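> Build me a model from this:
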Amino acid sequence: MADASLEAARSLEQLDRDSLLHPFTRADDFAAGKVPGQRIVQRASGIRVTDAHGRTVIDGMSGMYCVNVGYGRQQIVDAIAQQAAELPYYHIFAGASHPKAIVLADKLLALTGGRMKRAFFGLSGSDANETQIKLVWYYHNVIGKPHKKKIIARQRGYHGATTMTASLTGLPNYHSGFDLPFALVRHTLAPDAFWAPEADPRAFSQRCADELERLILQEGPDTVGAFIAEPVVGSGGILPPPPGYWEAIQAVLRKYEVLLIADEVITAFGRVGHMLAIDGYGIEPDLLTLAKGLSSGYAPLSAALVGPKVWQALQDGARTHGFFAHGYTYSAHPLGAAAALANIRIIEDEGLCENAATVGAYLLAQLRERLAGNPLVGEVRGAGLLQAVEFVAEGPPRRRLDASLKFSAQVAALAMEEGLLARPLPVNDIVGISPPLMLTRGDADEIAEMLQRAIARATDKLSAAQRGGSL
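Predicted structure coming up:
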């Protein structure tokens, strides 16, 4: 890179530190220039992004699990531009609407096979889950059960960063400093079979259901309104559900008339090999949350889909409460709706759900084969193109690595040096990857090789430090 370009990149980095408050970033270290992960991405194409220094790497995280169709899709760019020229903005308050919102809502309901009856649009997964919570409360008020307001989420689940959705998120470090979680939220077991004492995963699934039932009974079934969960846990560890999990969980929910919110912010639109993950796991939700892959991140958009029971309550409630007093200025924004329609068309036309399933299985097999001999690799797991490697201390017995080593962060930093952007997850020692869904087998080989080298280098560094007595 020419000196002028290098200086320009450094100036931009300093301006970034001097002006932006970054999400989920240490404010003190970042302002002081001590965050090694600072990167300013300027261009992207396919599965790769290029930073201000001209370095190109594979984006193994699809941005934030969202760029499902990959970067540089001209069809989506054109759809946004055409919509901006025709109608850049209009609202949907008080019965107003516009064509793209109508067509998109109809399309999303069709994707559920008619199981959902209405679509409400927002801008992020967080606001969509906030909408779901208000719908749960409204529903129970209308049906005459005003005390049925508590929401049960799972430990390690991620549902957003607003006050209520952050409360639902089952990661304690997301609560510290904010006086969260709120009192109406409870948490139950994460479906983490890797650390479970049961040898039979179905026995563990039943224990998860039993623990959920115990919590409902402890709180009082007349106070528990809903259970919210990701079909596959995302940021909390990338945990595909063990066999029998959703069957057992849903039996408990039906028994106590607890609504089910399926949070598909990450898992929908092909990420785990199905257009909707609920279809792959036999989940029958009352409410369904969509975002991220809905528009592949080309424009902000989310959707809260409403099932028959709640839709009926919304109609019945109008007689008492009048209009539905919820919404955002940018609900069903025309640019987001146009992007989503073009994005879904690409996913369907190119068979990206099927590609995520087949190439995902290939990548998972490659990682398992390459990492089989590493004593620090405890498990390689995933569903479709949502995958993770969990690290453990050298054993037996199985035990966690010392958290102070920050081993997964070291692996992610070394993976970046190798040319792969991976993510250290905020629980245990886990590195996650979720590349764009148009991944080829050749791309998968590249990712597996880069990650293998990064893990080997991190393992060697840890062994050397232990031999030197510096730990």
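> Go ahead and flag the most central residue of this protein.
Among the residues of the chain, the one closest to the centroid is Ile266, at 3.4 Å (C-alpha atoms, centre = their mean).
> now that one: how far from Ala110?
In this structure, Ile266 and Ala110 are 22 Å apart, going by C-beta to C-beta, to the nearest Å. Placement of C-beta: from N, CA and C, glycine included.
> residues near Gly382, how many?
23 (other C-beta atoms under 10 Å).
> Distance check, the residue nearest to it when sequence neighbours are not counted against Pro231.
Once flanking residues are discounted, Gly382 sits nearest to Leu364: 5.3 Å by C-beta to C-beta, 6 or more residues apart in numbering. Distance of Leu364 to Pro231, computed by C-beta to C-beta: 17 Å.
> who's in contact with the residue nearest to the centre of the chain?
65, 230, 232, 234-235, 292-293, 386, 434 (C-beta atoms under 8 Å, 6 or more residues apart in numbering).
> Please apply the same query to Leu189.
Contact analysis of Leu189 by C-beta under 8 Å, 6+ apart lists 154-155, 207-208, 211-212.
> Just put the residues you listed in a markdown table and tack on neighbour count, secondary structure and pLDDT.
Below are the contacts of Leu189 laid out as a markdown table (neighbours: other C-beta atoms under 10 Å; DSSP: H, G, I helix; E, B strand; the rest coil; pLDDT from 0 to 100):
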| residue | neighbour count | secondary structure | pLDDT |
| --- | --- | --- | --- |
| Arg154 | 26 | strand | 98 |
| Gln155 | 17 | coil | 97 |
| Arg207 | 15 | helix | 98 |
| Cys208 | 24 | helix | 98 |
| Glu211 | 13 | helix | 98 |
| Leu212 | 25 | helix | 98 |
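> wait, which of these is closest to Arg399?
When the contacts of Leu189 are ranked by distance to Arg399 (C-beta to C-beta), Gln155 comes first, at 19.4 Å.
> quick one: that closest one and Ala190 touch, right?
Yes - the criterion here is C-beta atoms under 8 Å, and Gln155 meets it with Ala190 at 4.6 Å.
> Show me whatever sits in contact with both of the two.
Contact criterion C-beta under 8 Å, 6+ apart; residues shared by Gln155 and Ala190: 170, 236.
> one step back: who's more crowded, Leu364 and Pro231?
More neighbours surround Pro231 than the other of Leu364 and Pro231, with 28 against 19 (other C-beta under 10 Å).
> got a list of what the more buried one touches?
Shown in contact with Pro231 (C-beta under 8 Å, 6+ apart): 241, 246, 262, 264, 267, 272, 277-278, 280-281, 283.
> Looking at these, state which has the most neighbours.
Taking other C-beta under 10 Å as the neighbour criterion, Glu264 ranks highest of the contacts of Pro231 with 31 neighbours.
> Name all residues that make contact with that residue.
By C-beta under 8 Å, 6+ apart, Glu264 lies in contact with 230-231, 276-278, 288-290.
> Please repeat the previous calculation with a cut-off of 6 Å.
Contact analysis of Glu264 by C-beta atoms under 6 Å, 6 or more residues apart in numbering lists 277, 289-290.
> The residue nearest to Ala338 when sequence neighbours are not counted in helix, strand or coil?
Closest residue in space to Ala338, ignoring its immediate chain neighbours: Gln83 at 3.8 Å, by C-beta to C-beta, 6+ apart. Assigned by DSSP: H, G, I helix; E, B strand; the rest coil, the conformation of Gln83 is helix.
> measure Gln83 to Leu341 for me?
Counting by C-beta to C-beta, the gap from Gln83 to Leu341 is 10 Å.
> distance of Phe182 from Thr165?
Note on Phe182: its distance to Thr165, by C-beta to C-beta, is 10 Å.
> Please read the previous query as pertaining to Gly220.
24 Å.
> Show me which of Phe182 and Thr165 is the more surrounded one.
Thr165 (27 against 13).
> which element is that one on?
Assigning secondary structure by DSSP states H and E places Thr165 in helix 163-168.
> do the same with Pro396
Applying DSSP H and E, one finds Pro396 in no helix or strand.
> Equivalent analysis for Ile58, please.
Going by DSSP H and E, Ile58 is in strand 56-59.
> again with Gln132
helix 125-142.
> List the contacts of that helix.
Applying C-beta under 6 Å, 6+ apart, the contact partners of helix 125-142 are 120, 122, 148-149, 159-162, 164-165, 225-226, 259, 261, 265, 287, 289, 291, 302, 304, 310, 313, 316-317, 326.
> Skipping its backbone neighbours, what lies nearest Asp318 in space?
For the record, residue 318 is Ala, not Asp. Nearest to Ala318 is Phe324, by C-beta to C-beta, 6+ apart, at 7.3 Å.
> Look at the one you found and report its pLDDT.
On pLDDT, Phe324 comes in at 93.
> next one: Asp29
On the pLDDT scale, Asp29 is placed at 90.
> Check Arg26 too.
Residue-level confidence at Arg26 comes out at 88, pLDDT.
> All the strands of the stretch 201-350 of the chain, in order from the start?
All strands of the stretch 201-350 of the chain, identified by DSSP state E, counting those that start in this stretch, fall at 224-229, 259-263, 287-290, 302-306.
> Which of the ones you listed sits closest to Arg10?
Nearest to Arg10, of the strands of the stretch 201-350 of the chain and by C-beta to C-beta, is strand 302-306 at 36.0 Å.
> other SSEs contacting that closest one?
With contacts taken as 3 or more C-beta pairs under 6 Å, 6 or more residues apart in numbering; DSSP states H and E, strand 302-306 sits against strand 118-122, helix 125-142, strand 287-290.
> JSON lines please, covering those and showing distance to Asp78, mean pLDDT and mean neighbour count.
Output for the helices and strands packed on strand 302-306, formatted as JSON lines (distance: least, C-beta to C-beta, whole Å; pLDDT from 0 to 100; neighbours: other C-beta atoms under 10 Å):
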{"stretch": "strand 118-122", "distance to Asp78": "22", "mean pLDDT": "98", "mean neighbour count": "23"}
{"stretch": "helix 125-142", "distance to Asp78": "26", "mean pLDDT": "98", "mean neighbour count": "23"}
{"stretch": "strand 287-290", "distance to Asp78": "23", "mean pLDDT": "98", "mean neighbour count": "28"}
